[in-house]
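Asker: Quick one, structure for this:
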Amino acid sequence: MGEPRVLRAGMQSALRLLFPPQCISCGEPTASDFGLCGECWRQTPFISGLVCDRCGTPLPGEEEGRAEYCDDCLILARPWERGRSALVYRDNGRKLVLALKHGDRLDLARPAGAWLHRAAQPILRDGMLVAPVPLHWARLFRRRFNQSAILSKALARVAGLDHCPDLLLRARRTPSQDGRDRDGRFANVAGAIRVHPRRRGRMVNRDVLLVDDVMTSGATLAAAAEACLAAGAASVSVVTLARVAKDS
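Answerer: Residues are numbered from 1 along each chain as shown. I've put the predicted structure just below:
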């Protein structure tokens, strides 16, 4: 039993000499695998402190042990209960999201899963079912993977929760949300998402955690949450890798 462990440790040490750990953002040397160097860490806007309990956007002030909400979440009727986000969508946070989404940087899933888990800790519940916001099959065919499913799988693994990558379906192909105002974003995805009929049984009477890469207006997450609740979910919460904040 001891000899194989010694051999594995020796191989790992040799690999570290040949391929030392590098920053996942800039490629500079780091102390550990799948980490950020000091400079990139400082340029990555991790969200901490007081946040909106419904969408995770940073708020001014100190935590006082009660839920606080941003202006948007006070105005809009969010169909989900609670929400969190790991990063603000700017600077190196934006760079990392785009690298995962459009740069085929699937290696980012491992650290992103840990960041999501840290952000989502206050809203996690035992027995939650983790599921991604879906892509339409045509977009999935072009992109070859759903970045939200990559993130939800990584989060579920770290959190020890059940994962259902195809819980939701994009029932119709929607144009990009880029360039649309808030009302346009909600209209664009209205009725576009539904629960997979063969997966509904896994979700009924369970708490669901929806995962997406970026939240801007919350329109897509709202459509997904409404679909889950209409199909029998006990509750829905959301977590995103990044949140577009008004002051960013």
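
Asker: domain parsing for the protein?
Answerer: Listed domain ranges for the chain are 1-43, 50-243 (source: automatic domain parsing).

Asker: Which residue ranges of this structure form helices?
Answerer: 2-18, 38-42, 71-75, 91-102, 109-120, 137-143, 147-159, 182-189, 200-203, 219-230 (DSSP state H).

Asker: could you dump these to TSV with mean pLDDT and distance to Arg172?
Answerer: Every residue, glycine included, has its C-beta placed from N, CA and C. Formatted as TSV, the helices of the chain follow (pLDDT from 0 to 100; distance: least, Cβ to Cβ, whole Å):
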stretch	mean pLDDT	distance to Arg172
helix 2-18	52	47
helix 38-42	92	39
helix 71-75	94	26
helix 91-102	93	21
helix 109-120	96	28
helix 137-143	72	10
helix 147-159	97	18
helix 182-189	70	9
helix 200-203	96	19
helix 219-230	95	11
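
Asker: For Ala131, which of these is the nearest?
Answerer: With Cβ to Cβ as the criterion, Ala131 lies closest to helix 147-159 of these, at 6.2 Å.

Asker: what's the closest one in contact with?
Answerer: Applying Cβ atoms under 8 Å, 6 or more residues apart in numbering, the contact partners of helix 147-159 are 100-101, 106, 109-110, 112-114, 116-117, 120, 124, 128, 130-135, 161-163, 165, 209, 211-213, 239, 241.

Asker: follow-up on the earlier one: reformat the helices of the chain as JSON lines; add mean neighbour count.
Answerer: Shown next, in JSON lines, are the helices of the chain (neighbours: other Cβ atoms under 10 Å):
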{"stretch": "helix 2-18", "mean neighbour count": "9"}
{"stretch": "helix 38-42", "mean neighbour count": "14"}
{"stretch": "helix 71-75", "mean neighbour count": "13"}
{"stretch": "helix 91-102", "mean neighbour count": "19"}
{"stretch": "helix 109-120", "mean neighbour count": "21"}
{"stretch": "helix 137-143", "mean neighbour count": "11"}
{"stretch": "helix 147-159", "mean neighbour count": "23"}
{"stretch": "helix 182-189", "mean neighbour count": "16"}
{"stretch": "helix 200-203", "mean neighbour count": "16"}
{"stretch": "helix 219-230", "mean neighbour count": "23"}
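
Asker: Make a markdown table out of these and add distance to Arg170.
Answerer: A markdown table is the format used below for those (distance: least, Cβ to Cβ, whole Å):
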| stretch | distance to Arg170 |
| --- | --- |
| helix 2-18 | 41 |
| helix 38-42 | 34 |
| helix 71-75 | 24 |
| helix 91-102 | 16 |
| helix 109-120 | 21 |
| helix 137-143 | 7 |
| helix 147-159 | 11 |
| helix 182-189 | 9 |
| helix 200-203 | 16 |
| helix 219-230 | 9 |
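
Asker: Out of the ones you listed, flag the one nearest Glu81.
Answerer: Closest among the helices of the chain, using Cβ to Cβ: helix 219-230, at 9.0 Å.

Asker: just the angle between the closest one and helix 147-159, please?
Answerer: Between helix 219-230 and helix 147-159, the angle comes out at 60 degrees (axes from the mean of the first three to the mean of the last three Cα atoms, to 10 degrees).
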